[in-house]
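Q: For reference, the sequence and a predicted model appear below.
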Amino acid sequence: MGNSRRFQVKYTFASCAEDSSNEDVAIRFDWGDGDTSLWSQWVRPGDTVTTSHTWTAPGTFHVRAQAEARHSAASDWSDELAMSSYYEWMRTYGGTMEDEGYSVQQTQDGGYIVTGSYTPEGTQPSDVWLLKIDVDGATAWTRTFGGPFWDWGKSVQQTRDGGYMIAGVMCLDSVNCPDILLLKTDAAGNKDWDVTYGGSDYDEAFSVQQTADGGYVTTGYNMYKAGCGWLLKTDAHGDTVWTRTFGHGWTSGRWIRQTRDGGYVVAAYRDTTVEQAIWLIKTDPNGNTSWTRTFDGRWVYLACMSVEQTQDGGFIVAGTTCYYDGGPGDVLLVKTDSLGNEVWVKTFGGESDDWGNSVQLTRDGGYIVVGNTSSYGASKSDVWLIKTDANGDTVWTRTFGGSQNDYGYSVQQTQDGGYIVAGTTRSDGAGRADVFVMKTDPEGRVDQGGGE
C-alpha cells in the first residue's frame, strides 16, 4: 500500500487495538525516519488513537504501529504503510512588467535552473533571465543579460563544469535584430562568454545541448539564409565548427538532441506556400543529412516543438495539429522507429485549441508532455500535463491555472520521480506576466493548488 504526500507538512495517523482481557491499551508509531512516537495515553480497547508527524525530507518512509495492554507485553509491530513524500510546490517569479519562462532543468545540487525573459520596471525591452532556485523553489540567485533592445533566453542546460549554457536571441541594435545568442556562465551565473550569430534579418535559437566533445549544438531560424532552419555546431568556447541550413520559406528548427551514434536529430516546423508539416531531420556527426521525414497529409496545420531519442533507438516527437475539417488544435505525439518511420500517432484535446510544447521520456518507459489547453481547466488557457504509457495511451492528465492565460513550455522528470514544469502565467504573480515554475509528485499532483 502506498500514498503520496508533501513533506514538511503535518499528517495525522489513527490506529486502534483490541485486548482479549479487555484491558486498557496504548499505541505508538514508528515513522520510518528513525523517529518513534511516545506511547499514547491509555484508552479503552477499540478506541482510536491519533498522532501527528512531519517528515523533514522527501523520500519513502514505512510507517507502522504497535500496541500494549496495561498489564501485558507490547504486541508485534503492524504491517507497514509506505508513505512517499515529495517536494511539491508552485511559485511565480518576476517584477511588475512582463516576464516569461521557457526552459527548466534540474541541476546537480537537486535544485533547478530556468531561463526566459525579464523586463525591468519602467523600461520596454526585455533581458535574458537566468534564475537559479533550490529544491523547494526558493530563489538562490538571478542574473540578467542584455542591452538596450529585446533579448530573451529560450533554452538552458547545465554544463559538465557546473555552469550553464543559454540559447536565445540578442538584439545588438535596432537594425540587426535579433541574432542567435549562445551565452555561457559559471556555476554562480556569472558570464564566461557570449557569442552572437546571424545576419541583418530575424535569427533565433530555440534549443541548445552540450555535445560529447564538450562543445555545443543549437538549432533555430535564420532569415538571413532565406528563411531556413539553422543547425550550428561550436567548440567549448563558442567558436563555430560548422553550420548547416535546411528548408526554405519559413522553416525553423525547434529542438535538437545528440543521438547515440554521435549525430543529431532535429525537430523542425516547415511552413511553405504549399504545406505545413512537422519535419524530423537526422544528421551525421558533421551535420550532414542522413534522412528526413515529414508528418503531414491528415492535418492542415502542424507545429513541431520537441523530440527525444527513445530507448529502442527511435524517436518521440511532440507538437500541435489542426485537422482538415477545420477543427481546433490538438496536442500531437508521434513515435517513430530509428529511421523516422511512423510507429504510432496519438492526439489529445477537446473542443477548443490545445498545444503540445515539450515531451520527455519517463523512467517507467512512458512519456510526459506539457503544453496548454483551452478545452479543459479553469480559464482561457491552462497549463496541461499529460502522462502516457510506452504506447502513448493516457495514464493521467492534470491542468493548472487561474482566471487568465497560463502556458507550460518545458517539463522534466526529477530525481524523486516527480516533474518540474516551467512556463508563463498571466493569472498570478506581481506583473502582467510572470515566470511560472511547478514541482509535482509522480502523479502530477501539487498539494497546494491546481490539478484535477
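A: That came through fine.

Q: Domain boundaries for this structure, per the record?
A: 2-85, 297-452 (automatic domain parsing).

Q: These into CSV, with extra columns for mean neighbour count?
A: From N, CA and C alone the C-beta is placed, and that goes for glycine too. Shown next, in CSV, are the domains of the chain (neighbours: other C-beta atoms under 10 Å):
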stretch, mean neighbour count
domain 2-85, 15
domain 297-452, 20
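
Q: Compare the ones you listed and give me the one nearest Ala267.
A: Among these, domain 297-452 comes nearest to Ala267, with 3.7 Å by C-beta to C-beta.

Q: between the domains of the chain, which one is nearest to Thr159?
A: Using C-beta to C-beta as the measure, domain 297-452 is the one of these that comes nearest Thr159, at 16.3 Å.

Q: Quick check: which ranges of the stretch 151-300 of the chain have low pLDDT?
A: For the stretch 151-300 of the chain, the stretches with pLDDT under 70 are 173-177, 199-200, 223-227, 249, 271-275, 296-300.

Q: where exactly do the strands run in it?
A: 151-158, 164-170, 179-185, 191-197, 203-210, 216-222, 228-234, 240-246, 250-258, 264-271, 276-283, 289-295, 299-309 (DSSP state E, counting those that start in this stretch).

Q: now do the stretch 301-450 of the chain
A: All strands of the stretch 301-450 of the chain, identified by DSSP E, counting those that start in this stretch, fall at 315-323, 329-336, 342-348, 354-361, 367-373, 382-388, 394-400, 406-413, 419-425, 434-440.

Q: Which one of those lies nearest to Pro148?
A: For Pro148, the closest of the strands of the stretch 301-450 of the chain is strand 434-440, at 22.4 Å, according to C-beta to C-beta.

Q: Ramachandran angles for Gly111?
A: Backbone torsions of Gly111, given as degrees, to the nearest 10, read phi -80, psi -150.

Q: Could you count how many residues lie near it?
A: As a burial measure, Gly111 scores 16 neighbours (other C-beta atoms under 10 Å).

Q: dump the residue contacts of the closest residue to it other than its chain neighbours.
A: In this structure, Gly111 finds its nearest non-sequential neighbour in Asp134, 4.5 Å apart by C-beta to C-beta, 6 or more residues apart in numbering. Asp134 makes contact with Gly110, Gly111, Ala140 under the criterion C-beta atoms under 8 Å, 6 or more residues apart in numbering.

Q: about what we covered before: so which of the strands of the stretch 301-450 of the chain comes closest to Leu231?
A: Closest to Leu231 of those is strand 315-323 (C-beta to C-beta; 16.5 Å).

Q: what pairs with the closest one, and is each one parallel or antiparallel?
A: Take DSSP bridges as the rule and strand 315-323 pairs in its sheet with strand 299-309 (antiparallel), strand 329-336 (antiparallel).

Q: Comparing these, which yields the minimum mean pLDDT?
A: Mean pLDDT across these is lowest at strand 299-309; the value there is a mean of 75.

Q: State the phi and psi torsions of the closest residue to Asp127 other than its chain neighbours.
A: Spatial nearest neighbour of Asp127, excluding adjacent residues (C-beta to C-beta, 6+ apart): Gly146 at 3.5 Å. Dihedral angles of Gly146 (phi, psi; degrees, to the nearest 10) stand at phi 160, psi -180.

Q: Next, count neighbours for Gly146.
A: So Gly146, with other C-beta under 10 Å, has 23 neighbours.

Q: partners of the closest residue to Val345 other than its chain neighbours in the sheet?
A: Counting by C-beta to C-beta, 6+ apart, Val334 is the residue found nearest to Val345 once chain neighbours are left out, at 5.2 Å. In this entry, Val334 is beta-bridged to Val317, Val345, by DSSP bridges.

Q: Val334 touches Met305, doesn't it?
A: No - counting by C-beta atoms under 8 Å, Met305 is not a contact partner of Val334; they are 11.6 Å apart.
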